[in-house]
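J.: quick one: sequence and predicted model below, then my questions.
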Amino acid sequence: MIPFAATPEEILQELATLRAADAPTHGGKVLSYVYDSGLSAVDELAAAAMLAVQPLNGLDPTTFTSIAVMEREVIGFMRTLLGGGGDVVGTVTSGGTESCMLAVKTARENFRGTGTPRLLAPASVHAAFHKAAHYFGLTLELVPVDADGLADSAAMTAAMGPDTALVVASTPSYPHAVLDPVAEIAAAAQSRGIDCHVDACIGGLVLPFWPGLPDWDLRVSGVTSVSADLHKYGYAPKGASVLLTRGRDRQRSQYFATTSWPGYPVVNPTLLGSKSAAPLAGAWAIIKLLGTAGFADLAASCHRSTASLLGAVAKIEGLRVVGNPTGPLFAVAVDALVPADRQIDPHHWADRLKVHGFTAQLQPSFTQSDGSILPRTTHLTITPVTESRLAELVEAMVQAGKEVRGVPGIEPQQILAALDGPTAALLGTSGFTKNSETARQILRALGLAGDGLPAAMAPVLALVEALPRDVTEWLLTELLAGLVEPPPLPPAEM
């Protein structure tokens, strides 16, 4: 018998202890990252489906044929939902980032223009496209959006050229929940022979049921691909998204295939090779369970809750909703039209909201390429379970507002002025060496070198606003890397 280091019961108890420190994934307390249908049957079915396929390897659907069947049926459902015809094919991926990256990779492979291929997108586009441009060697051009986060179709059209490989629109954009003018952008791209991707990662399974929207998906003729996450408003386990592409020949450029080695022939539709079939099985089972009518009912719940919360924010003096949000998400900013002593900084508000039991997502201000500044905001994502907590959430929002009304937001220069001398001098020096030890020195001086982040995040976001982007990205990389780094090894015995 193998002498196990710990019993299964001990291991599971340790895991339960670790999980107790996590933010709650159910119950509507966390207003980002998690998507709770509020239906226990959905979670129970997904868990059972995942367990049933646990040993399978998604690398080879010819050996594990159930994978091909499930993927085919998921793609068929999504193709119908998003207005695709018989020329639309697709792939289930590991998430929205992979779907977006594959859309960019496909466009790069199909690019027949001149010069280094360019990825053209609104400044509000998801960071996954920054990652894709970096990984696949495209030049990323971000076109400024208006003060409400809306993409400027005329400016994007003017920016299209012979080096443009792909144009992107969001439905909606994540930061401000704005529905980009897809029809105008796609028509301009089509007339120039440019691929157009619609990033519906967050909206793909809820906007089809949202009232009063113009066509934004594959019903628009110039749209060549759409991404939609099954693990968002499809309520599937994390690790499931769909990329739909118009045209088989176009979509085949997404694949990687090689026989140039002595092993088995490798044909990968996604960035991953070996992969779990569990998220696919969970998504497939949930689609079977809910069907179109079930998703419509859940979307209706989200719509009711979102409307109520937008109305609640409108009544909180000192706050405002940014723009005209579409879908079950929105961003909140300070209302600069009221006197300063009645204004509410959205980051202070989010920190107090957390004290009252609800976690929202802080977003820093952003300076666009034309010098215009999008204000700091707090982002809220609404799910069906929110409806059961609506009164409690509204009360928390109102109370949090009362507690920080008139408290000035933390200005970036305040953070820099508070740094100790050596750290301030270092950050003020151009071209200093960006190594791990220097980053840790700065993080310690900022009080960010412990386990996890501080309870109040407003100062951290002000720091993000204060420092150059490359410095912030370097420090955040070290911060996140440090969270999973094992402790130092003990000194070797002499």
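T.: Cool, the structure landed.

J.: count of neighbours near residue 490?
T.: 6 (other C-beta atoms under 10 Å). Heads up, the C-betas are built off the backbone N, CA and C, glycines and all.

J.: in this protein, which helix or strand is least confident?
T.: helix 421-427 (a mean of 76; mean pLDDT, DSSP states H and E).

J.: report all helices and strands that that one contacts.
T.: In terms of contacts (3 or more C-beta pairs under 8 Å, 6 or more residues apart in numbering; DSSP states H and E), helix 421-427 is packed against helix 436-445.

J.: how far out from the middle of the chain is the helix it packs on?
T.: 28 Å (C-alpha atoms, centre = their mean, to the nearest Å).

J.: report all helices and strands that that helix contacts.
T.: helix 421-427, helix 469-483.

J.: tell me the buried residues in the least confident helix or strand of the chain?
T.: Neighbour-count burial for helix 421-427, counted by 16 or more other C-beta atoms under 10 Å, picks out 423, 426-427.

J.: same deal with stretch 465-478?
T.: 465-467, 471, 474-476, 478.

J.: so which pair among the residues you listed is furthest apart in space?
T.: 465 and 478 (18.8 Å; C-beta to C-beta).

J.: okay, the buried residues of stretch 465-478 in JSON lines with distance to residue 178 next?
T.: Shown next, in JSON lines, are the buried residues of stretch 465-478 (distance: C-beta to C-beta, whole Å):
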{"residue": "465", "distance to residue 178": "21"}
{"residue": "466", "distance to residue 178": "27"}
{"residue": "467", "distance to residue 178": "27"}
{"residue": "471", "distance to residue 178": "29"}
{"residue": "474", "distance to residue 178": "30"}
{"residue": "475", "distance to residue 178": "30"}
{"residue": "476", "distance to residue 178": "26"}
{"residue": "478", "distance to residue 178": "33"}
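
J.: between those residues, which is nearest residue 94?
T.: Nearest member of those to residue 94, counting by C-beta to C-beta, is residue 476, at 22.7 Å.

J.: strands of the stretch 301-450 of the chain, residue ranges please.
T.: Here the stretch 301-450 of the chain has its strands, by DSSP state E, counting those that start in this stretch, at 319-321, 329-334, 361-363, 366-367, 373-374, 377-381.

J.: of these, which is nearest residue 352?
T.: Residue 352 lies closest to strand 377-381 among these, at 10.7 Å (C-beta to C-beta).

J.: so which elements touch that closest one?
T.: Against strand 377-381 (3+ C-beta pairs under 8 Å, 6+ apart) you get strand 329-334, helix 346-355, strand 361-363.

J.: which outside residues touch that strand?
T.: Residues outside strand 377-381 that contact it (C-beta atoms under 8 Å, 6 or more residues apart in numbering): 31-33, 35, 174-176, 202, 309, 322, 328-333, 346-347, 349-350, 353, 360-363.

J.: ok, of those, which come out buried?
T.: When the contacts of strand 377-381 are checked for burial by 16+ other C-beta under 10 Å, the buried set is 31-32, 35, 174-176, 202, 309, 322, 328-333, 346-347, 349-350, 353, 360-363.

J.: pretty sure residue 224 is touching residue 245, no?
T.: Yes. The pair residue 224 and residue 245 passes the contact test of C-beta atoms under 8 Å, sitting 6.8 Å apart.

J.: and the top helix by length along the chain, average pLDDT?
T.: Counting residues, the longest helix found in the chain (DSSP state H) is helix 278-314. Mean per-residue pLDDT for helix 278-314: 98.

J.: how about stretch 485-494?
T.: 77.

J.: from the chain's centre, how far out does it sit?
T.: On C-alpha atoms, centre = their mean, the centre of stretch 485-494 falls 38 Å from the chain's centre.

J.: then stretch 363-381?
T.: So, by C-alpha atoms, centre = their mean, the centroid of stretch 363-381 is 16 Å from its chain's centroid.

J.: buried ones in it?
T.: So for stretch 363-381, counting by 16+ other C-beta under 10 Å, buried means 363-366, 374-381.

J.: check stretch 131-142 too.
T.: Under 16+ other C-beta under 10 Å, the buried positions of stretch 131-142 are 132-133, 136, 138, 140-142.

J.: got those residues as a markdown table, with distance to residue 408 columns?
T.: Output for these, formatted as a markdown table (distance: C-beta to C-beta, whole Å):
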| residue | distance to residue 408 |
| --- | --- |
| 132 | 39 |
| 133 | 37 |
| 136 | 43 |
| 138 | 41 |
| 140 | 35 |
| 141 | 36 |
| 142 | 30 |
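
J.: and for the nearest residue to residue 63 once chain neighbours are set aside, the neighbour number?
T.: What sits nearest to residue 63 in space, not counting adjacent residues and going by C-beta to C-beta, 6 or more residues apart in numbering, is residue 57, at 7.8 Å. Using other C-beta under 10 Å, residue 57 is surrounded by 15 other residues.

J.: could you point out the helix or strand that follows the host helix or strand of residue 78?
T.: Secondary-structure assignment from DSSP states H and E places residue 78 in helix 65-81. Remark: after helix 65-81, the chain's next helix or strand is strand 88-93, criterion DSSP H and E.

J.: for that following strand, packing partners?
T.: helix 65-81, helix 96-110, strand 241-246, helix 248-252.

J.: is residue 316 in contact with residue 395, as I believe?
T.: No. Checked against C-beta under 8 Å, the pair residue 316 and residue 395 is beyond contact range at 11.5 Å.

J.: so those two - more neighbours on which side?
T.: Just comparing residue 316 and residue 395: by other C-beta under 10 Å the higher neighbour count belongs to residue 316, 19 against 12.

J.: if we can go back for a sec, so which of the helices and strands packed on strand 88-93 is the most surrounded?
T.: When the helices and strands packed on strand 88-93 are scored by mean count of other C-beta atoms under 10 Å, the highest mean neighbour count falls to strand 241-246 (a mean of 27).

J.: starting at the chain centroid, how far to that strand?
T.: Per C-alpha atoms, centre = their mean, the centroid offset for strand 241-246 relative to its chain is 17 Å.

J.: give me the sheet partners of that strand and which way each runs.
T.: strand 88-93 (antiparallel), strand 225-229 (antiparallel) (DSSP bridges).

J.: just the CA atoms of it, as PDB, please.
T.: Provided in PDB are the C-alpha atoms of strand 241-246 (Å, rounded to 0.1, in the frame of the first residue of the first chain):
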ATOM      1  CA  SER A 241     -15.900  30.500 -24.200                       C
ATOM      2  CA  VAL A 242     -16.900  30.300 -27.900                       C
ATOM      3  CA  LEU A 243     -15.400  31.900 -30.900                       C
ATOM      4  CA  LEU A 244     -17.700  31.900 -33.900                       C
ATOM      5  CA  THR A 245     -16.200  32.700 -37.400                       C
ATOM      6  CA  ARG A 246     -17.900  33.400 -40.700                       C
END
